[in-house]
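Visitor: only geometry, no sequence info:
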Ligand code: ATP
Ligand code: MG
């Protein structure tokens, strides 16, 4: 295991319900450290670009609309095995299938409004961090 960085988003369903602190507590309690963080309202272009890999999926347009429906918190998380650890704490995409005690099991509203995003591998982590953060905005 090595110290890694991953990219995380607290999605609009969670900012709307004012539960960003509860979610960050779960991440920190799992040993992840916030080394970059900002609250933004994504533009349509940003959301389309960020989710470009899902362009052909039937849920793409709805997902983009949801992600610009309110503010989000974008974050860089650092820690041992951070990419896998973050995915573990998040739980499965569909909250109905998420393991008990995970963020999505406890907070997600449905498969789309599922409270958090986390990078799924080292390459996407790198690309996604660079999509929202400049080097000077990450303070480890
Ligand atoms: P994320 O990329 O947000 O960390 P994930 O890797 O678990 O989540 P993906 O398959 O990459 O899931 O899907 C990206 C996002 O698209 C999901 O988090 C969810 O918000 C939305 N999504 C995925 N599948 C569906 C679906 N079947 N219906 C509606 N929205 C979906
Ligand atoms: Mg994904």
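Guide: Cool, the structure landed. Quick caveat, the model's predicted, so the values are computed rather than measured. Ligands and ions are numbered 1, 2, ... in the order given.
Visitor: And the pLDDT for residue 140?
Guide: pLDDT for residue 140: 88.
Visitor: To clarify, my last question referred to residue 91.
Guide: At residue 91, pLDDT is 98.
Visitor: residues touching residue 91, list them.
Guide: By CB atoms under 8 Å, 6 or more residues apart in numbering, the residues touching residue 91 are 98, 99, 102, 103, 104, 105, 108. To be clear about C-beta, it is placed using only N, CA and C from the backbone, and glycine gets the same treatment.
Visitor: what's the distance between residue 113 and residue 67?
Guide: 10 Å (CB to CB, to the nearest Å).
Visitor: The two: which has the busier surroundings?
Guide: residue 67 (23 against 19; other CB atoms under 10 Å).
Visitor: out of everything not next to it in sequence, what's closest to the more buried one?
Guide: Spatial nearest neighbour of residue 67, excluding adjacent residues (CB to CB, 6 or more residues apart in numbering): residue 47 at 4.3 Å.
Visitor: cool, residue 105 as well?
Guide: Counting by CB to CB, 6+ apart, the residue nearest residue 105 is residue 98, at 3.9 Å.
Visitor: can you pull out the helices in this protein?
Guide: 12-16, 20-29, 44-50, 60-67, 82-90, 103-107, 122-132 (DSSP state H).
Visitor: Show me what the longest one packs onto, helices and strands only.
Guide: When you say that, I think you mean helix 122-132. strand 3-10, strand 33-40, helix 44-50 (3 or more CB pairs under 8 Å, 6 or more residues apart in numbering; DSSP states H and E).
Visitor: make it 10 Å
Guide: For helix 122-132, the packing partners by 3 or more CB pairs under 10 Å, 6 or more residues apart in numbering; DSSP states H and E come out as strand 3-10, strand 33-40, helix 44-50, strand 72-80, helix 82-90, strand 116-118.
Visitor: for the shortest one, packing partners?
Guide: Spelled out, it's strand 116-118. If contacts are counted by 3+ CB pairs under 10 Å, 6+ apart, strand 116-118 sits against strand 3-10, helix 20-29, strand 72-80, helix 82-90, helix 103-107, helix 122-132.
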